[in-house]
Every structure is written in structure tokens, then in C-alpha cells.
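Asks: Predicted model, plus sequence, below.
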Amino acid sequence: MKPLWPGNDGRGISKTNLPVNFPAPVSSTAPSFFRRLLVAGILLLVAFKLWLVHTELIYGSATEFDALWFVNAAKYWYWGADYSWTAFIRPPAYPLFIASVHFLKIPLRIAIELMQATGYAVLIAGLRKAGVPRWVCFLSFAAMILHPGSFHLNSVTMADNFYAAILPLALGGLLLTLFTARLVHATWTGIALALLWNTREESILIPPLIAVFLLVALYRQQRLVTESWRMAIPYWLGPAAAMVGTLLLLNAAVLTANYRAFQSLSKSELDAPSFRAAFKALLRIKPDRDLRYVSFSKDSLQKAYSVSPTFARLRPQLEGELGRNWQGPAFSEIGLHEIGAPWSLWALRHAANTLGLHQSASSANHFYWDVAREINRACDENRVPHRFVISSLIDPGSVAHIPSMPQSLVRMAALFVLQYQTIGGRDDEILTVPQRALYDEMTSRAPAGSAGPSGISAMVENIIGRYHRVLVIALTVAGILAMLTIPWRFRWLEASNGVNAALILLGTAISLRVLLFTYLDATWWVGGYDRYLFPVLPIYSCFLIVLIYQALALRRQARPRLAPTGRDCYNA
């Protein structure tokens, strides 16, 4: 069996066996001057970015379930905190990153910039393996590292910033694995994917990305080398097992650590099987009418109280001041005295904690399992109107609002062309003295009073933030023309071409995230998704630059020919 070129382990096919118009492999004998020039250019861009943000510090936010929670969890290395209803309410990767850079005495504002730069650099290495020229790689790196969204989003201790660093790192690893099939690349890519899995809640996006990678890898192997799917599959068993096995092993380690520290076998407590079961059971109750952006209305709660004595214990809390406080966001946005879908998870847990049900993870799990069992039994016995629920992540009532996704897609598209402006960087006024001290300690920042962008660097940041949208619009228009030109001009365009394969992986990562949050905007909550899309905004610019290059390159390579046959029946 002939292995797939290119590989760094001495295995591969010769250049003379490459398909028609397949781009020449990245030569190991290329002049070192040009390699060093690209590296020097990247380092200069990193230094320029650090200069741009050198006056900015971490912003002290008082959001106890978000930014403040992350630094507090980092103080205890996540697993060192005593159990509470919020002890491990979010995944561990970002708190552990904060704790690590604090241990190394690196300011968090600098550390996150360097981490993102590393991710972009690895992605560029993957693009070079795909055959993308150095000058295109340099432009792509510049577009990513200078994305103005990072100027102020990186000043807030939110997991999205860390996700924005790990996503390009994982994509770069997938590309390096795709073009080398080396176990070492597959293994550390599995580590990067595990970090993604345990950074934010949307782990659902990772399996489809892996599936697309494997399909592209097998397709390239079959088309270029083996000419047989049966021979292509064994070749990729090793790399696939190394990648997926590492991912599963690290996820199992996180689950084990969570169980050891908090007696709960889940990625985070919001993901605990008992809580998910209770939430799914509540979704089974059919309300008198579906309300957009409301997972379960007052009507649904009344029905739940009537059939579940255990859940009825929360009634005084959910109908009292606590419940009214959690209704605030929905009332201010959509004018309903209901608990909005994003806050329903927190409201239930808050009410349970007020009653002392979260004294330990085992007592909380026992409570939620009882709620799920009682409500499910009532639904099964037709004692309450009910409906079919696939998953606790999918509200059956949201199906009625799927037709609103085109409008939500427009709102998501608008986030790609936002104007950005530097922020003052002052802490929240309600931040307490101990909370400020916590931010100072864990982020290694200077006193908050001296925070804030200033001088020439701030002026340059604002210029980039103001006009960056012009670049994105121009690239988007050119990218659309490229996407229309390529299939029209080249009938046999295939993923066997390295650049095309890279575009498929980048496009998949971008599309999956945009579609997810478009769905959530239409059915879960409206607006406020700019930080959630930030991980793919710089990658989108990179994708467009490579796409435009590919269209121009294929146009230059096109030559009149007879109808292709056999292995030559495509233009790379």
C-alpha cells in the first residue's frame, strides 16, 4: 500500500505521480532565507501587537457567574475549592490556564495574546503544509493577530478568549496531521481538541469537525494513492486512534478529577446527568402556549409543582424575590415576566441552593434525580400534558421559531463587520476591595487605577477598529466571487488538493459555530453573541485570503485539455 504524500517520516509518493494540477509539495530544500523571512515577519507582527496593547490591563468585572468566577476558580486551581452550587459550574480549561500563567508570573493580558499568536502561527504552519505560499500565510497571520476584537475582549477574563487561541491551534494540528499522518501531530491535536472540549459548553461542535477531517483524509488517500476505500481506511486508523484516543483519555481524566473533588462525574455541574435529566423532564411538560426565548413558562412551572412534590419545594423561591430577580433580563428585553431561557438553568440551581439542597454534590444529584423521576412518571401516566423531547439541549418549542433563522443569520453576519473601539479599562464600580485584590493577584495586573489604553498605540487600535470592517467587506465580496468562479471554471475541483482541503476544514469550523449561534439567536436568546463568535472572526479573514488566492492560482494553472479520464479526472 502506498502511503499518502506528504510525510516527514520518509514515506510518500513521488512528485511525478501527483495528479494533474496538484500543487507542488512544500520543498524541504527551499531557500532558508524565505523561511526565515516569514518567521521574522510573524515575530514582528507579534511584537507590534504586544506594543498595541501594552497599556491595557485586565478589566475587573463583577459578574460573579462569568469573569469573576473564572479568576476565583483559578485561585484554587479549580479542583481545590470547596463544593458549592457554583464550584464547578463551568469547564476547567480556562481557570487552569489562568492559574498556570499566574504561577509562572506572566501577566494574563500578555499571556492570552501570546497564546492566540501561538494558535495562529500553528495554523499558518498547517497552511504551509497545504501548499499555501509564504506571502499568503503572512497576510493571513496579520489579518488574524490584528483583528480588533481582541483589543478589548482580551481584557476581560472570559473563556471565549482562550477558546479563540485553542481553536486555530486545533485547526493547525488537524492540517498538519492531514498532510503528514504523523502520530505525534495526531496526539497533540487530540490534546488541543480536549482543551476546546473543556473550555466552553458547546462541545457539540467538535465531533462534526473531526468527522469532516476524517472524511477529507480518507478521500485524499483514496483519490491520490490507494484508489480503494478498503486500503485507505487502515492507513488512517493509527492517526485517528491517536487523536480521538487522546481526546477521550483527557476527557476521562477531567471527569475523574471532577468526581474526586466534587463527587460528580461530569464536565461541569451544568452538564451533570442528574441536572440534565431534571431539565429535560421540565421541557417535557407542554405549556398552554410556547413563548419564544422561554424554556419553561410560569404555566409549565405550575404544572410541574402539581405533579412533583420534590420540585414543589422550589415554588416559594421561584415565585418570590429570587424568581423575580431572574425574570429581570427577559422583562427588560422582551417585556415578559418570565425567566429567559439562558437564565433558567441558573434560576433552578439558585433556588435549590437557597433551600440548602446543594450542601454536597450527592444531595444535589439526589434532588434533581427525584425531580426528573416524578415529572417523567406524571408524563408517562398522562397526568400532565406532555411532548416529546430529544435532548435537554433542545427545547421542543424552539422548532416553531426555526423560520426566524434567516433574520438571525443576518444579525450574526453583522458581527463580522462590527466597529471596535478601545475601552477605558476601569473596574466595575460595584467591585469590592477583596474582588479587586483577587483580580490584581490572579491576573498579575498593575493597580486598576492606572489601567486603560492611551497614547499612540490606542490611536492605532481605534484606527484599526474603525476601518477593519472595510477590509472584511472587501474580502467577503472577493471571496464570494472566488467561490462562484472556482466551481464554474473548474468542473473537477476536489478535496484532494491540499489548499482545498484546508479551506474545507476552515470553512467547516466557521460554519458550525455560526450556525449554532444563529440557531440560538432564533430560539434561545437574541443578541449579545459577539464574544461567542470571536473565536472564528479572525479565522474567517484567513479563510477568505486563502480562498481568493486559490481562485487566482487555479485560474493561472488552467490549460485547455482533452476530457480527463481515470486518475486525472479532476483539477486537484
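Replies: Sure, I can see it. Numbers count the residues shown, from 1 in each chain.
Asks: make it CA atoms for all contacts and neighbour counts henceforth
Replies: Fine.
Asks: and Ala446, what does it touch?
Replies: Under the criterion of Cα atoms under 8 Å, 6 or more residues apart in numbering, the neighbours of Ala446 are 57, 440.
Asks: Can you tell me the SS state at it?
Replies: coil (DSSP: H, G, I helix; E, B strand; the rest coil).
Asks: Let's see stretch 69-76 as CSV, backbone CA atoms only.
Replies: Output of stretch 69-76 as CSV, limited to C-alpha atoms (Å, rounded to 0.1, in the frame of the first residue of the first chain):
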residue,chain,number,x,y,z
TRP,A,69,-16.0,33.3,38.6
PHE,A,70,-13.0,32.3,36.4
VAL,A,71,-10.4,34.2,38.4
ASN,A,72,-11.9,32.8,41.7
ALA,A,73,-11.8,29.2,40.3
ALA,A,74,-8.2,29.8,39.1
LYS,A,75,-7.2,30.8,42.6
TYR,A,76,-8.0,27.3,43.8
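Asks: can I assume Ala181 is in contact with Ala240?
Replies: No - applying Cα atoms under 8 Å, one finds Ala181 not in contact with Ala240, separated by 9.0 Å.
Asks: tell me which element the most centrally placed residue in the chain falls in.
Replies: For the chain, Tyr163 is the residue whose C-alpha lies nearest the centre (Cα atoms, centre = their mean; 5.5 Å). Here Tyr163, judged by DSSP states H and E, is contained in helix 159-180.
Asks: Can you give me the buried ones in that helix?
Replies: With burial defined by 16 or more other Cα atoms under 10 Å, the residues of helix 159-180 counted as buried are 159-180.
Asks: Not counting stretch 248-263 itself, show me its contacts.
Replies: By Cα under 8 Å, 6+ apart, the residues outside stretch 248-263 that reach it are 79-80, 83, 191, 194, 197-198, 264-268, 360-362.
Asks: Give me the distance from it to the chain's centre.
Replies: Averaging C-alpha positions (Cα atoms, centre = their mean, to the nearest Å) puts stretch 248-263 21 Å from its chain's average.
Asks: Mind checking the pLDDT average for that stretch?
Replies: Stretch 248-263 shows a mean pLDDT of 94.
Asks: mind listing what's buried in it?
Replies: So for stretch 248-263, counting by 16+ other Cα under 10 Å, buried means 248, 250-251, 254-259, 261-263.
Asks: cool, and stretch 379-389?
Replies: In terms of neighbour count (16+ other Cα under 10 Å), stretch 379-389 has its buried residues at 379, 384-386, 389.
Asks: Which ones among these lie within helices?
Replies: Counting by DSSP state H, the buried residues of stretch 379-389 place Cys379 in helices.
Asks: mind checking how far Ala352 is from Val136?
Replies: Separation of Ala352 from Val136 (Cα to Cα, to the nearest Å): 55 Å.
Asks: With neighbour numbers in mind, choose between the two.
Replies: For Ala352 versus Val136, the count of surrounding residues by other Cα atoms under 10 Å is larger for Ala352: 22 against 18.
Asks: correct me, but the more buried one touches Pro316?
Replies: No - using Cα under 8 Å, Ala352 is not in contact with Pro316, being 10.8 Å away.
Asks: what's the overlap in contacts for those two?
Replies: Overlap of the contact sets of Ala352 and Pro316 (by Cα under 8 Å, 6+ apart) is empty.
Asks: what about Trp343, helix or strand, and which?
Replies: Per DSSP H and E: helix 341-354 holds Trp343.
Asks: chain center to that helix, what's the gap?
Replies: With Cα atoms, centre = their mean, you get 25 Å for helix 341-354.
Asks: need the helix or strand of this protein with the lowest average pLDDT.
Replies: None of the helices or strands of the chain scores lower by mean pLDDT, DSSP states H and E than helix 321-334, at a mean of 82.
Asks: Now tell me what touches that one from outside.
Replies: Against helix 321-334 from outside (Cα under 8 Å, 6+ apart): 317-318, 336-340, 343-344, 347, 351.
Asks: how about a markdown table for the residues you listed, with pLDDT, neighbour count and distance to Leu209 added?
Replies: Shown next, in a markdown table, are those (pLDDT from 0 to 100; neighbours: other Cα atoms under 10 Å; distance: Cα to Cα, whole Å):
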| residue | pLDDT | neighbour count | distance to Leu209 |
| --- | --- | --- | --- |
| Gln317 | 93 | 19 | 42 |
| Leu318 | 92 | 23 | 40 |
| Leu336 | 79 | 16 | 38 |
| His337 | 84 | 17 | 39 |
| Glu338 | 86 | 23 | 36 |
| Ile339 | 88 | 27 | 34 |
| Gly340 | 87 | 27 | 30 |
| Trp343 | 89 | 16 | 29 |
| Ser344 | 89 | 20 | 30 |
| Ala347 | 91 | 21 | 33 |
| Ala351 | 93 | 21 | 37 |
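Asks: I'd like those residues laid out as JSON lines, including distance to Thr485.
Replies: Listed next are the contacts of helix 321-334 as JSON lines, based on distance: Cα to Cα, whole Å:
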{"residue": "Gln317", "distance to Thr485": "60"}
{"residue": "Leu318", "distance to Thr485": "57"}
{"residue": "Leu336", "distance to Thr485": "49"}
{"residue": "His337", "distance to Thr485": "52"}
{"residue": "Glu338", "distance to Thr485": "50"}
{"residue": "Ile339", "distance to Thr485": "49"}
{"residue": "Gly340", "distance to Thr485": "45"}
{"residue": "Trp343", "distance to Thr485": "46"}
{"residue": "Ser344", "distance to Thr485": "47"}
{"residue": "Ala347", "distance to Thr485": "51"}
{"residue": "Ala351", "distance to Thr485": "57"}
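Asks: Report the two of the residues you listed separated the most.
Replies: Leu336 and Ala351 (20.2 Å; Cα to Cα).
Asks: remind me which residues of the stretch 401-550 of the chain are low pLDDT?
Replies: 423-425, 447-454, 487-495 (pLDDT under 70).
Asks: if you set the cut-off to 90 instead, what comes out?
Replies: 401-404, 418-430, 445-462, 465, 482-498, 521-530 (pLDDT under 90).
Asks: where along it do the helices fall?
Replies: Listed in chain order, the helices of the stretch 401-550 of the chain (DSSP state H, counting those that start in this stretch) span 405-414, 433-443, 455-489, 498-523, 530-533, 537-557.
Asks: Just the angle for the longest one relative to helix 405-414, thanks.
Replies: So the one you mean is helix 455-489. Computed by axes from the mean of the first three to the mean of the last three Cα atoms, to 10 degrees, the angle separating helix 455-489 from helix 405-414 equals 130 degrees.
Asks: Identify each buried residue in helix 455-489, please.
Replies: Of the residues in helix 455-489, 457-458, 461-462, 464-466, 468-469, 472, 475-476, 478-479, 482-483, 486 count as buried by neighbour count, 16+ other Cα under 10 Å.
Asks: ok, and Ala118, which helix or strand is that part of?
Replies: That one is not Ala; residue 118 is Thr. helix 108-130.
Asks: other SSEs contacting that helix?
Replies: Using 3 or more Cα pairs under 8 Å, 6 or more residues apart in numbering; DSSP states H and E, the elements in contact with helix 108-130 are helix 32-52, helix 93-103, helix 134-145, helix 159-180, helix 498-523.
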